[in-house]
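Chemist: Quick one: sequence plus predicted model below, questions after.
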Amino acid sequence: MDVEVAAKLAAIGFGGITAWVTILGLLKARRSQLREDYRFAREFMGDLRTVASDSEFLKQRGCHALTGNSTLEYRTLKYLWDLENPSQAINDYSLGFEYLEHLRTITPHDSLQFKAPYHLAWRRRARKLGYLGRYMVMYTLACSPLLLSVFGVWHGTSPFIALLVTIPIFLPLAFMALKERVRIQRAERLVRSQKRVTPTVGGVGR
């Protein structure tokens, strides 16, 4: 195989892997952000025992600030706190909340379930496949000048110049598709891993 062709194919393949790793990295907090999250969580827990103990407004605002989700109910946050891995549960919920609902049942502990129609596994699989397909198409279009050059159908200017046009247009769309797939996966993990610990976190916010 021609060295130039091999280099172009390697660049395309490496870029696809890098895109996946990048989007996962962006969805994880950095060390400095983790420290800020810890400070805020500590202050919020303290407020729940004092100034916010009887204020639903402050509880809701604190929930929104802690998770970045303005639709989160305080009772849902309390439920996530009671799970075996609350930090992971909150992160998963913050990413996958669009696919989830917190049921109000007659059982002692309500649970998180998928909203209709996502409660059907085949619909989630189809959606994940759809996002994966969209990612592959958008990423292929982003790299299309290199691919066309590899197959010998690119003529005229350098394909690397054309990449300056295709990458800004199609690569963000590829990232968006990949991120949506990760959101579904996080929601699925949260629903699967719901396991409570006892007792409730220090009676906070009761």
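Modeler: Structure's in. What do you need? If you're wondering where the values come from, they're calculated on a predicted model, not measured in any experiment.
Chemist: my read is E101 is in a helix, agree?
Modeler: No: assignment of E101 by DSSP: H, G, I helix; E, B strand; the rest coil gives strand, placing it outside any helix.
Chemist: Tell me what it is bridged to.
Modeler: Note on E101: beta-bridge partners by DSSP bridges are Q113.
Chemist: What about it, how many residues nearby?
Modeler: Around E101 there are 16 other residues, counting by other CB atoms under 10 Å. Every residue, glycine included, has its C-beta placed from N, CA and C.
Chemist: Ok, the one 10 residues further on next?
Modeler: Applying other CB under 10 Å, we find 13 other residues in the vicinity of S111.
Chemist: Please look at it and R104 and confirm they touch.
Modeler: No: when contacts are counted by CB atoms under 8 Å, S111 is not listed as touching R104 (10.3 Å).
Chemist: quick one: contacts for R42?
Modeler: Listed by CB atoms under 8 Å, 6 or more residues apart in numbering, R42 has no contact partners.
Chemist: Report the separation between it and Q185.
Modeler: As judged by CB to CB, to the nearest Å, R42 and Q185 stand 30 Å apart.
Chemist: for R123, same thing?
Modeler: For R123, the distance to Q185 - CB to CB - is 14 Å.
Chemist: what does Y118 give?
Modeler: Per CB to CB, Y118 is found 12 Å from Q185.
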